[in-house]
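S.K.: Here is a sequence together with a model predicted from it:
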2 protein chains.
Amino acid sequence: MTNAKPTLHTSLSPALLNLYDLSNTVVVIIDVLRATSTIATALYNGAKCIIPVDSVAKCIELGRKIDAITAGERDGKVAEGLEYGNSPFEYPRAFIENKTLVLTTTNGTKLLHMALERGAPQIITGSFPNLSAVCNYLLAQNKNVLLGCAAWKDRVNIEDMLFAGAVINRIKKNFSINCDSSQIAETMYTKAKKDLFEFMKAKEASHYLRLSGYGLEKDMQYCLTPDVANVLPFYEEGKLIVHK
Amino acid sequence: MTNAKPTLHTSLSPALLNLYDLSNTVVVIIDVLRATSTIATALYNGAKCIIPVDSVAKCIELGRKIDAITAGERDGKVAEGLEYGNSPFEYPRAFIENKTLVLTTTNGTKLLHMALERGAPQIITGSFPNLSAVCNYLLAQNKNVLLGCAAWKDRVNIEDMLFAGAVINRIKKNFSINCDSSQIAETMYTKAKKDLFEFMKAKEASHYLRLSGYGLEKDMQYCLTPDVANVLPFYEEGKLIVHK
(Lines give C-alpha, C1' and ligand atoms only; values in the text may rest on other atoms or scores of the structure.)
Protein backbone atom coordinates (compact mmCIF):
# COMPACT_ATOMS: atom_id res chain seq x y z
CA MET A 1 0.00 0.00 0.00
CA THR A 2 1.48 3.32 -0.96
CA ASN A 3 0.83 6.50 0.90
CA ALA A 4 -0.90 8.74 -1.60
CA LYS A 5 -0.70 11.90 0.49
CA PRO A 6 1.63 14.65 -0.71
CA THR A 7 4.55 15.56 1.56
CA LEU A 8 5.00 18.66 3.67
CA HIS A 9 8.35 20.03 4.88
CA THR A 10 9.41 23.18 6.69
CA SER A 11 12.69 25.00 6.01
CA LEU A 12 13.47 27.11 9.08
CA SER A 13 16.07 29.31 7.37
CA PRO A 14 17.08 30.30 3.82
CA ALA A 15 20.42 28.61 4.63
CA LEU A 16 18.55 25.28 4.85
CA LEU A 17 16.44 25.67 1.69
CA ASN A 18 18.89 23.65 -0.42
CA LEU A 19 18.08 20.54 1.67
CA TYR A 20 14.61 20.31 0.19
CA ASP A 21 13.36 19.16 -3.18
CA LEU A 22 11.30 21.96 -4.74
CA SER A 23 10.24 20.22 -7.93
CA ASN A 24 6.47 19.71 -8.16
CA THR A 25 6.22 21.61 -4.91
CA VAL A 26 4.25 24.63 -3.79
CA VAL A 27 6.68 26.90 -1.92
CA VAL A 28 5.18 29.22 0.69
CA ILE A 29 7.40 32.22 1.45
CA ILE A 30 6.92 33.23 5.09
CA ASP A 31 8.18 36.54 6.47
CA VAL A 32 5.62 37.39 9.13
CA LEU A 33 7.41 40.53 10.40
CA ARG A 34 6.69 42.13 8.06
CA ALA A 35 7.23 41.49 4.33
CA THR A 36 4.60 38.85 3.62
CA SER A 37 2.05 40.49 5.95
CA THR A 38 2.54 43.73 4.02
CA ILE A 39 2.32 41.95 0.65
CA ALA A 40 -1.04 40.39 1.63
CA THR A 41 -2.28 43.75 2.92
CA ALA A 42 -1.31 45.77 -0.16
CA LEU A 43 -2.94 43.24 -2.48
CA TYR A 44 -6.01 43.01 -0.24
CA ASN A 45 -6.29 46.78 -0.46
CA GLY A 46 -6.33 46.69 -4.25
CA ALA A 47 -2.69 47.02 -5.34
CA LYS A 48 -2.42 46.01 -9.00
CA CYS A 49 0.66 43.90 -8.29
CA ILE A 50 3.83 43.73 -6.23
CA ILE A 51 7.20 43.23 -7.86
CA PRO A 52 9.67 41.67 -5.41
CA VAL A 53 13.30 42.54 -6.11
CA ASP A 54 16.38 41.48 -4.23
CA SER A 55 18.30 44.75 -3.97
CA VAL A 56 17.67 48.40 -3.17
CA ALA A 57 19.41 49.44 -6.41
CA LYS A 58 17.07 47.30 -8.53
CA CYS A 59 14.11 48.66 -6.59
CA ILE A 60 15.04 52.28 -7.36
CA GLU A 61 15.85 51.54 -11.01
CA LEU A 62 12.67 49.60 -11.71
CA GLY A 63 10.50 52.08 -9.78
CA ARG A 64 11.77 54.86 -12.03
CA LYS A 65 11.38 52.85 -15.21
CA ILE A 66 7.75 51.81 -14.71
CA ASP A 67 6.73 54.75 -12.51
CA ALA A 68 5.84 52.54 -9.52
CA ILE A 69 5.98 53.01 -5.78
CA THR A 70 9.30 51.87 -4.35
CA ALA A 71 9.39 50.33 -0.91
CA GLY A 72 11.58 48.25 1.29
CA GLU A 73 13.57 47.90 4.43
CA ARG A 74 16.99 46.97 5.57
CA ASP A 75 17.47 46.05 9.23
CA GLY A 76 13.87 46.92 10.01
CA LYS A 77 13.92 50.52 8.70
CA VAL A 78 13.01 52.21 5.38
CA ALA A 79 15.98 51.63 3.11
CA GLU A 80 17.83 54.71 1.92
CA GLY A 81 16.63 55.89 -1.50
CA LEU A 82 13.21 54.22 -1.23
CA GLU A 83 9.93 56.03 -0.67
CA TYR A 84 8.10 53.66 1.66
CA GLY A 85 8.85 51.01 4.24
CA ASN A 86 7.71 47.57 5.24
CA SER A 87 4.75 48.43 7.46
CA PRO A 88 1.29 47.15 6.41
CA PHE A 89 -0.18 50.41 7.70
CA GLU A 90 1.58 52.33 4.94
CA TYR A 91 -0.66 50.68 2.34
CA PRO A 92 -4.34 51.56 2.94
CA ARG A 93 -6.74 51.27 0.00
CA ALA A 94 -6.87 55.05 -0.49
CA PHE A 95 -3.15 55.00 -1.24
CA ILE A 96 -2.35 51.68 -2.89
CA GLU A 97 -5.43 50.80 -4.99
CA ASN A 98 -4.55 50.14 -8.63
CA LYS A 99 -0.91 50.93 -8.04
CA THR A 100 2.21 48.84 -8.56
CA LEU A 101 4.61 48.35 -5.66
CA VAL A 102 8.27 47.44 -6.13
CA LEU A 103 9.45 45.86 -2.87
CA THR A 104 12.74 44.70 -1.39
CA THR A 105 13.22 43.41 2.16
CA THR A 106 16.06 41.97 4.26
CA ASN A 107 14.82 38.41 4.28
CA GLY A 108 11.50 37.75 2.57
CA THR A 109 12.22 38.88 -1.00
CA LYS A 110 15.67 37.26 -0.78
CA LEU A 111 14.13 33.88 0.03
CA LEU A 112 11.63 34.26 -2.81
CA HIS A 113 14.46 34.77 -5.27
CA MET A 114 16.32 31.78 -3.87
CA ALA A 115 13.24 29.61 -4.44
CA LEU A 116 12.96 30.97 -7.99
CA GLU A 117 16.60 30.15 -8.70
CA ARG A 118 16.02 26.64 -7.40
CA GLY A 119 13.24 26.28 -9.97
CA ALA A 120 10.21 26.22 -7.67
CA PRO A 121 7.22 25.85 -10.02
CA GLN A 122 4.65 27.50 -7.73
CA ILE A 123 5.38 30.23 -5.22
CA ILE A 124 2.89 31.92 -2.89
CA THR A 125 3.41 34.11 0.16
CA GLY A 126 1.97 33.48 3.61
CA SER A 127 1.41 35.38 6.84
CA PHE A 128 -1.22 35.42 9.57
CA PRO A 129 -3.26 38.12 7.77
CA ASN A 130 -3.86 35.61 4.93
CA LEU A 131 -3.63 32.31 6.84
CA SER A 132 -6.93 30.85 5.61
CA ALA A 133 -6.25 31.75 1.98
CA VAL A 134 -2.91 29.91 2.17
CA CYS A 135 -4.40 26.83 3.83
CA ASN A 136 -7.31 26.62 1.42
CA TYR A 137 -4.99 26.89 -1.58
CA LEU A 138 -2.64 24.16 -0.28
CA LEU A 139 -5.56 21.83 0.42
CA ALA A 140 -7.02 22.44 -3.04
CA GLN A 141 -3.70 21.91 -4.86
CA ASN A 142 -2.97 18.58 -3.17
CA LYS A 143 0.71 18.86 -4.14
CA ASN A 144 3.90 18.62 -2.08
CA VAL A 145 4.44 21.68 0.12
CA LEU A 146 7.54 23.45 1.36
CA LEU A 147 6.95 26.06 4.06
CA GLY A 148 9.91 28.41 3.69
CA CYS A 149 10.71 30.64 6.66
CA ALA A 150 12.56 33.82 5.72
CA ALA A 151 14.11 34.02 9.22
CA TRP A 152 16.47 36.90 10.10
CA LYS A 153 19.76 36.96 8.21
CA ASP A 154 19.60 33.17 8.14
CA ARG A 155 18.97 32.87 11.87
CA VAL A 156 15.84 30.89 12.75
CA ASN A 157 13.10 33.06 14.22
CA ILE A 158 10.02 32.39 16.29
CA GLU A 159 7.35 34.23 14.30
CA ASP A 160 7.92 32.53 10.94
CA MET A 161 8.01 29.18 12.72
CA LEU A 162 4.70 30.01 14.41
CA PHE A 163 3.06 30.71 11.06
CA ALA A 164 4.41 27.46 9.60
CA GLY A 165 2.98 25.73 12.68
CA ALA A 166 -0.41 27.39 12.20
CA VAL A 167 -0.59 26.12 8.61
CA ILE A 168 0.49 22.61 9.64
CA ASN A 169 -2.04 22.61 12.46
CA ARG A 170 -4.84 23.26 9.97
CA ILE A 171 -3.84 21.04 7.05
CA LYS A 172 -1.75 18.18 8.49
CA LYS A 173 -4.36 15.47 7.98
CA ASN A 174 -4.00 15.83 4.23
CA PHE A 175 -0.20 15.55 4.14
CA SER A 176 2.51 13.05 4.95
CA ILE A 177 4.90 14.83 7.35
CA ASN A 178 8.25 13.21 8.15
CA CYS A 179 10.02 16.42 9.12
CA ASP A 180 11.15 17.38 12.61
CA SER A 181 11.13 21.08 11.75
CA SER A 182 7.42 20.81 10.95
CA GLN A 183 6.71 18.94 14.20
CA ILE A 184 8.64 21.58 16.15
CA ALA A 185 6.75 24.39 14.39
CA GLU A 186 3.37 22.88 15.17
CA THR A 187 4.29 22.22 18.79
CA MET A 188 5.40 25.84 19.17
CA TYR A 189 2.20 27.12 17.55
CA THR A 190 0.02 24.99 19.81
CA LYS A 191 1.84 26.42 22.81
CA ALA A 192 1.54 30.04 21.54
CA LYS A 193 -1.82 30.20 19.81
CA LYS A 194 -3.87 31.54 22.75
CA ASP A 195 -2.03 34.85 22.39
CA LEU A 196 0.69 35.02 19.79
CA PHE A 197 1.75 38.55 20.64
CA GLU A 198 2.07 37.80 24.36
CA PHE A 199 4.03 34.65 23.50
CA MET A 200 6.50 36.67 21.38
CA LYS A 201 6.86 39.13 24.23
CA ALA A 202 7.26 36.49 26.94
CA LYS A 203 9.90 34.63 24.91
CA GLU A 204 11.77 37.86 24.20
CA ALA A 205 11.72 36.99 20.50
CA SER A 206 14.58 38.86 18.87
CA HIS A 207 12.24 40.48 16.32
CA TYR A 208 9.86 41.52 19.09
CA LEU A 209 12.73 43.33 20.79
CA ARG A 210 13.93 44.88 17.51
CA LEU A 211 10.52 46.20 16.42
CA SER A 212 9.32 47.28 19.85
CA GLY A 213 12.55 49.28 20.04
CA TYR A 214 11.23 51.21 17.00
CA GLY A 215 7.76 51.59 18.61
CA LEU A 216 6.19 49.09 16.22
CA GLU A 217 4.04 47.02 18.62
CA LYS A 218 0.93 47.89 16.60
CA ASP A 219 2.56 46.50 13.44
CA MET A 220 3.36 43.28 15.25
CA GLN A 221 -0.13 42.88 16.64
CA TYR A 222 -1.59 43.31 13.16
CA CYS A 223 0.94 40.91 11.60
CA LEU A 224 -0.03 38.23 14.12
CA THR A 225 -3.79 38.55 13.46
CA PRO A 226 -5.33 35.85 11.24
CA ASP A 227 -7.31 36.64 8.12
CA VAL A 228 -7.43 40.43 8.22
CA ALA A 229 -6.13 40.60 4.62
CA ASN A 230 -7.25 37.24 3.37
CA VAL A 231 -6.06 37.08 -0.24
CA LEU A 232 -3.56 34.72 -1.84
CA PRO A 233 -0.44 36.41 -3.30
CA PHE A 234 0.71 34.25 -6.19
CA TYR A 235 3.98 34.67 -8.08
CA GLU A 236 3.61 34.88 -11.86
CA GLU A 237 6.00 36.30 -14.44
CA GLY A 238 7.95 38.40 -12.00
CA LYS A 239 4.96 39.70 -10.09
CA LEU A 240 2.91 38.85 -7.04
CA ILE A 241 -0.75 39.09 -7.92
CA VAL A 242 -3.97 37.97 -6.25
CA HIS A 243 -4.76 34.37 -7.14
CA LYS A 244 -8.37 34.03 -8.25
CA MET B 1 25.22 49.85 33.06
CA THR B 2 26.63 47.06 30.97
CA ASN B 3 25.36 43.55 31.04
CA ALA B 4 28.26 41.51 32.28
CA LYS B 5 26.70 38.13 31.58
CA PRO B 6 28.25 36.01 28.85
CA THR B 7 26.07 35.22 25.82
CA LEU B 8 24.45 31.92 24.89
CA HIS B 9 23.37 30.92 21.38
CA THR B 10 22.04 27.74 19.82
CA SER B 11 22.90 26.59 16.30
CA LEU B 12 20.17 24.17 15.21
CA SER B 13 22.13 22.70 12.27
CA PRO B 14 25.75 22.46 11.10
CA ALA B 15 24.59 24.50 8.08
CA LEU B 16 23.90 27.41 10.45
CA LEU B 17 27.15 27.21 12.45
CA ASN B 18 28.84 29.91 10.35
CA LEU B 19 26.31 32.47 11.66
CA TYR B 20 27.84 32.39 15.12
CA ASP B 21 31.05 33.85 16.53
CA LEU B 22 33.07 31.04 18.10
CA SER B 23 35.98 33.09 19.41
CA ASN B 24 36.25 33.03 23.23
CA THR B 25 33.35 30.61 23.17
CA VAL B 26 32.77 27.18 24.64
CA VAL B 27 31.21 25.06 21.89
CA VAL B 28 29.04 22.13 23.00
CA ILE B 29 28.70 19.44 20.34
CA ILE B 30 25.28 17.80 20.67
CA ASP B 31 24.39 14.56 18.89
CA VAL B 32 21.98 12.90 21.29
CA LEU B 33 21.15 9.92 19.04
CA ARG B 34 23.75 8.63 19.49
CA ALA B 35 27.32 9.92 19.03
CA THR B 36 27.69 12.20 22.05
CA SER B 37 25.73 9.82 24.32
CA THR B 38 28.11 7.06 23.27
CA ILE B 39 31.18 9.29 23.78
CA ALA B 40 30.08 10.11 27.34
CA THR B 41 29.35 6.45 28.03
CA ALA B 42 32.67 5.12 26.73
CA LEU B 43 34.62 7.71 28.74
CA TYR B 44 32.48 7.09 31.83
CA ASN B 45 33.30 3.40 31.49
CA GLY B 46 37.00 4.10 31.51
CA ALA B 47 38.04 4.52 27.86
CA LYS B 48 41.47 6.15 27.74
CA CYS B 49 40.35 8.56 25.03
CA ILE B 50 38.19 8.91 21.94
CA ILE B 51 39.63 10.19 18.69
CA PRO B 52 36.89 11.69 16.54
CA VAL B 53 37.60 11.54 12.79
CA ASP B 54 35.47 12.77 9.93
CA SER B 55 35.67 9.85 7.51
CA VAL B 56 35.47 6.06 7.55
CA ALA B 57 38.78 5.84 5.65
CA LYS B 58 40.62 7.90 8.27
CA CYS B 59 39.01 5.79 11.00
CA ILE B 60 40.32 2.54 9.50
CA GLU B 61 43.77 3.97 8.80
CA LEU B 62 44.26 5.46 12.25
CA GLY B 63 42.82 2.41 14.01
CA ARG B 64 45.41 0.24 12.29
CA LYS B 65 48.26 2.65 12.96
CA ILE B 66 47.72 3.00 16.71
CA ASP B 67 46.04 -0.38 17.25
CA ALA B 68 42.77 1.16 18.51
CA ILE B 69 39.14 0.12 18.32
CA THR B 70 37.45 1.53 15.24
CA ALA B 71 33.81 2.50 15.41
CA GLY B 72 31.24 4.53 13.60
CA GLU B 73 28.03 4.67 11.72
CA ARG B 74 26.64 5.95 8.51
CA ASP B 75 22.88 6.33 8.18
CA GLY B 76 22.34 4.79 11.63
CA LYS B 77 24.19 1.50 10.98
CA VAL B 78 27.76 0.26 11.60
CA ALA B 79 29.83 1.66 8.73
CA GLU B 80 31.44 -0.87 6.41
CA GLY B 81 35.02 -1.64 7.38
CA LEU B 82 34.61 -0.62 11.02
CA GLU B 83 34.44 -2.98 13.98
CA TYR B 84 31.83 -1.36 16.18
CA GLY B 85 28.85 0.93 15.90
CA ASN B 86 27.34 3.93 17.58
CA SER B 87 25.39 2.28 20.39
CA PRO B 88 26.33 3.15 23.98
CA PHE B 89 25.61 -0.47 24.91
CA GLU B 90 28.59 -1.62 22.85
CA TYR B 91 30.96 0.05 25.31
CA PRO B 92 30.63 -1.49 28.79
CA ARG B 93 33.54 -1.12 31.21
CA ALA B 94 34.63 -4.74 30.72
CA PHE B 95 35.24 -3.98 27.05
CA ILE B 96 36.34 -0.35 26.79
CA GLU B 97 38.36 0.34 29.97
CA ASN B 98 41.82 1.72 29.17
CA LYS B 99 41.25 1.43 25.45
CA THR B 100 41.35 4.04 22.71
CA LEU B 101 38.35 4.42 20.45
CA VAL B 102 38.53 5.98 16.98
CA LEU B 103 35.04 7.18 16.09
CA THR B 104 33.29 8.59 13.03
CA THR B 105 29.56 9.35 12.77
CA THR B 106 27.17 10.85 10.23
CA ASN B 107 26.65 14.13 12.03
CA GLY B 108 28.34 14.52 15.41
CA THR B 109 32.00 14.11 14.50
CA LYS B 110 31.43 16.18 11.36
CA LEU B 111 30.15 19.12 13.42
CA LEU B 112 33.08 18.81 15.82
CA HIS B 113 35.51 19.15 12.91
CA MET B 114 33.59 22.15 11.58
CA ALA B 115 33.91 23.86 14.97
CA LEU B 116 37.64 23.07 15.00
CA GLU B 117 38.10 24.53 11.52
CA ARG B 118 36.28 27.67 12.68
CA GLY B 119 38.85 27.98 15.46
CA ALA B 120 36.67 27.19 18.48
CA PRO B 121 39.03 27.47 21.47
CA GLN B 122 37.10 25.08 23.76
CA ILE B 123 35.03 22.13 22.62
CA ILE B 124 33.09 19.71 24.82
CA THR B 125 30.39 17.18 23.97
CA GLY B 126 26.94 17.01 25.50
CA SER B 127 24.06 14.56 25.77
CA PHE B 128 21.45 13.67 28.37
CA PRO B 129 23.71 11.00 29.95
CA ASN B 130 26.13 13.79 30.92
CA LEU B 131 23.73 16.76 31.24
CA SER B 132 24.82 17.85 34.73
CA ALA B 133 28.52 17.66 33.89
CA VAL B 134 27.95 19.95 30.89
CA CYS B 135 25.87 22.46 32.85
CA ASN B 136 28.31 22.58 35.76
CA TYR B 137 31.21 23.16 33.39
CA LEU B 138 29.45 25.98 31.53
CA LEU B 139 28.49 27.69 34.78
CA ALA B 140 32.03 27.42 36.11
CA GLN B 141 33.64 28.75 32.91
CA ASN B 142 31.44 31.85 32.74
CA LYS B 143 32.33 32.30 29.04
CA ASN B 144 30.17 32.71 25.95
CA VAL B 145 28.44 29.47 24.95
CA LEU B 146 27.40 28.03 21.60
CA LEU B 147 25.15 24.97 21.78
CA GLY B 148 25.80 23.19 18.48
CA CYS B 149 23.21 20.68 17.36
CA ALA B 150 24.57 18.02 15.01
CA ALA B 151 21.11 17.50 13.45
CA TRP B 152 20.62 14.92 10.69
CA LYS B 153 22.39 15.69 7.41
CA ASP B 154 21.87 19.37 8.18
CA ARG B 155 18.15 18.97 8.87
CA VAL B 156 17.07 20.27 12.27
CA ASN B 157 16.04 17.48 14.63
CA ILE B 158 13.99 17.32 17.80
CA GLU B 159 16.32 15.43 20.13
CA ASP B 160 19.36 17.70 19.83
CA MET B 161 17.08 20.71 20.27
CA LEU B 162 15.63 19.11 23.43
CA PHE B 163 19.10 18.70 24.90
CA ALA B 164 19.99 22.31 24.10
CA GLY B 165 16.72 23.27 25.79
CA ALA B 166 17.56 21.21 28.88
CA VAL B 167 20.91 22.99 29.23
CA ILE B 168 19.32 26.41 28.75
CA ASN B 169 16.60 25.57 31.26
CA ARG B 170 19.26 24.90 33.90
CA ILE B 171 21.77 27.69 33.26
CA LYS B 172 19.83 30.56 31.68
CA LYS B 173 19.99 32.87 34.67
CA ASN B 174 23.73 33.18 34.23
CA PHE B 175 23.66 34.07 30.52
CA SER B 176 22.38 36.80 28.24
CA ILE B 177 20.21 35.06 25.63
CA ASN B 178 19.08 37.04 22.57
CA CYS B 179 18.57 34.03 20.32
CA ASP B 180 15.23 32.72 19.07
CA SER B 181 16.67 29.24 18.49
CA SER B 182 17.52 29.06 22.19
CA GLN B 183 14.04 30.25 23.20
CA ILE B 184 12.48 27.67 20.89
CA ALA B 185 14.71 24.91 22.29
CA GLU B 186 13.82 25.72 25.87
CA THR B 187 10.11 25.94 25.08
CA MET B 188 10.26 22.52 23.41
CA TYR B 189 12.16 21.04 26.35
CA THR B 190 9.66 22.41 28.86
CA LYS B 191 6.87 20.81 26.86
CA ALA B 192 8.69 17.47 26.57
CA LYS B 193 10.52 17.03 29.86
CA LYS B 194 7.90 14.95 31.67
CA ASP B 195 8.72 12.05 29.34
CA LEU B 196 11.24 12.75 26.59
CA PHE B 197 10.90 9.33 24.99
CA GLU B 198 7.12 9.53 24.82
CA PHE B 199 7.40 13.03 23.37
CA MET B 200 9.73 11.80 20.60
CA LYS B 201 7.30 8.99 19.87
CA ALA B 202 4.21 11.20 19.92
CA LYS B 203 5.84 13.76 17.60
CA GLU B 204 6.99 11.01 15.22
CA ALA B 205 10.51 12.44 15.40
CA SER B 206 12.33 11.33 12.26
CA HIS B 207 15.15 9.80 14.30
CA TYR B 208 12.66 7.96 16.50
CA LEU B 209 11.18 6.39 13.38
CA ARG B 210 14.63 5.58 11.95
CA LEU B 211 16.02 3.94 15.09
CA SER B 212 12.84 2.15 16.12
CA GLY B 213 12.85 0.67 12.61
CA TYR B 214 16.18 -0.92 13.59
CA GLY B 215 14.78 -2.11 16.96
CA LEU B 216 16.79 0.47 18.90
CA GLU B 217 14.17 1.76 21.37
CA LYS B 218 16.41 0.74 24.28
CA ASP B 219 19.25 2.86 22.89
CA MET B 220 16.93 5.83 22.61
CA GLN B 221 15.60 5.44 26.14
CA TYR B 222 19.15 5.35 27.49
CA CYS B 223 20.23 8.34 25.37
CA LEU B 224 17.35 10.39 26.78
CA THR B 225 18.17 9.60 30.44
CA PRO B 226 19.99 12.34 32.37
CA ASP B 227 23.26 11.75 34.17
CA VAL B 228 23.77 8.02 33.68
CA ALA B 229 27.30 8.62 32.36
CA ASN B 230 28.04 11.93 34.00
CA VAL B 231 31.55 12.84 32.83
CA LEU B 232 32.67 15.79 30.72
CA PRO B 233 34.28 14.87 27.37
CA PHE B 234 36.76 17.64 26.56
CA TYR B 235 38.60 18.03 23.27
CA GLU B 236 42.36 18.41 23.57
CA GLU B 237 45.06 17.81 20.99
CA GLY B 238 42.92 15.67 18.71
CA LYS B 239 41.33 13.61 21.48
CA LEU B 240 38.26 13.63 23.65
CA ILE B 241 39.27 12.95 27.23
CA VAL B 242 37.55 13.27 30.59
CA HIS B 243 37.88 16.80 31.95
CA LYS B 244 39.05 16.72 35.56
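M.R.: Thanks, I have it.

S.K.: for the residue nearest the centre of chain A, what are its contacts?
M.R.: Taking C-alpha atoms, centre = their mean as the criterion, A:I30 is the residue nearest the geometric centre of chain A, at 2.8 Å. Shown in contact with A:I30 (C-beta atoms under 8 Å, 6 or more residues apart in numbering or on different chains): A:T36, A:T125, A:G126, A:S127, A:L147, A:G148, A:C149, A:A150, A:D160, A:F163, A:A164. From N, CA and C alone the C-beta is placed, and that goes for glycine too.

S.K.: Please narrow those residues to those residing in strands.
M.R.: Those of the contacts of A:I30 mapping onto strands are A:T125, A:G126, A:L147, A:G148, A:C149, per DSSP state E.

S.K.: where does the fourth one sit relative to A:Q183, distance-wise?
M.R.: Right, the one you point to is A:G148. As judged by C-beta to C-beta, to the nearest Å, A:G148 and A:Q183 stand 17 Å apart.

S.K.: go on, A:N157?
M.R.: In terms of C-beta to C-beta, A:N157 sits 18 Å off from A:Q183.

S.K.: wait, isn't A:Y235 in contact with A:P121?
M.R.: No. Using C-beta atoms under 8 Å, A:Y235 makes no contact with A:P121, being 10.2 Å away.

S.K.: So if I had to pick from those two, which one is more boxed in?
M.R.: A:Y235 (21 against 12; other C-beta atoms under 10 Å in any protein chain shown).

S.K.: Kindly indicate whether that one is helix, strand or coil.
M.R.: Recorded secondary structure, A:Y235: strand (DSSP: H, G, I helix; E, B strand; the rest coil).

S.K.: Intersect the contacts of A:I30 with the contacts of chain B.
M.R.: The subset of the contacts of A:I30 within reach of chain B, by C-beta under 8 Å from any C-beta of the partner chain, is empty.

S.K.: how about CSV for these, with neighbour count, distance to B:C179 and pLDDT added?
M.R.: Shown next, in CSV, are the contacts of A:I30 (neighbours: other C-beta atoms under 10 Å in any protein chain shown; distance: C-beta to C-beta, whole Å; pLDDT from 0 to 100):
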residue, neighbour count, distance to B:C179, pLDDT
A:T36, 33, 23, 97
A:T125, 31, 26, 98
A:G126, 30, 24, 98
A:S127, 33, 23, 98
A:L147, 29, 22, 98
A:G148, 32, 21, 98
A:C149, 30, 16, 98
A:A150, 29, 17, 97
A:D160, 33, 15, 98
A:F163, 28, 20, 98
A:A164, 29, 19, 98
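
S.K.: Can you add distance to B:K173 and give those back as TSV?
M.R.: Below are the contacts of A:I30 laid out as TSV (distance: C-beta to C-beta, whole Å):
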residue	distance to B:K173
A:T36	36
A:T125	40
A:G126	37
A:S127	35
A:L147	34
A:G148	35
A:C149	29
A:A150	32
A:D160	28
A:F163	31
A:A164	30
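
S.K.: And the contacts of the lowest-mean-pLDDT helix or strand in chain A?
M.R.: Lowest by mean pLDDT, DSSP states H and E among the helices and strands of chain A is strand A:77-78, with a mean of 83. The contact list for strand A:77-78, computed with C-beta under 8 Å, 6+ apart, reads A:A71, A:G72, A:Y84, A:G85, A:N86, A:Y214.

S.K.: Could you rerun that using 6 Å?
M.R.: Strand A:77-78 has contacts (C-beta atoms under 6 Å, 6 or more residues apart in numbering or on different chains) with A:G85.

S.K.: Which strands border that strand, and is each parallel or antiparallel?
M.R.: strand A:69-74 (antiparallel) (DSSP bridges).

S.K.: Up against chain B, what does chain A have?
M.R.: A:12, A:15-16, A:19, A:154-158, A:178, A:180-181, A:183, A:203, A:205-206 (C-beta under 6 Å from any C-beta of the partner chain).

S.K.: what's the offset of stretch A:14-25 from the middle of its chain?
M.R.: 16 Å (C-alpha atoms, centre = their mean, to the nearest Å).

S.K.: swap in stretch A:4-19?
M.R.: Worked out by C-alpha atoms, centre = their mean, stretch A:4-19 lies 15 Å from the chain centre.

S.K.: circling back: and the residue nearest to the centre of chain A, how close does it get to B:L162?
M.R.: 24 Å.

S.K.: What of A:Y222?
M.R.: 33 Å.

S.K.: the more surrounded of those two?
M.R.: Taking other C-beta under 10 Å, A:Y222 and B:L162 do not tie; B:L162 has more neighbours (26 against 21).
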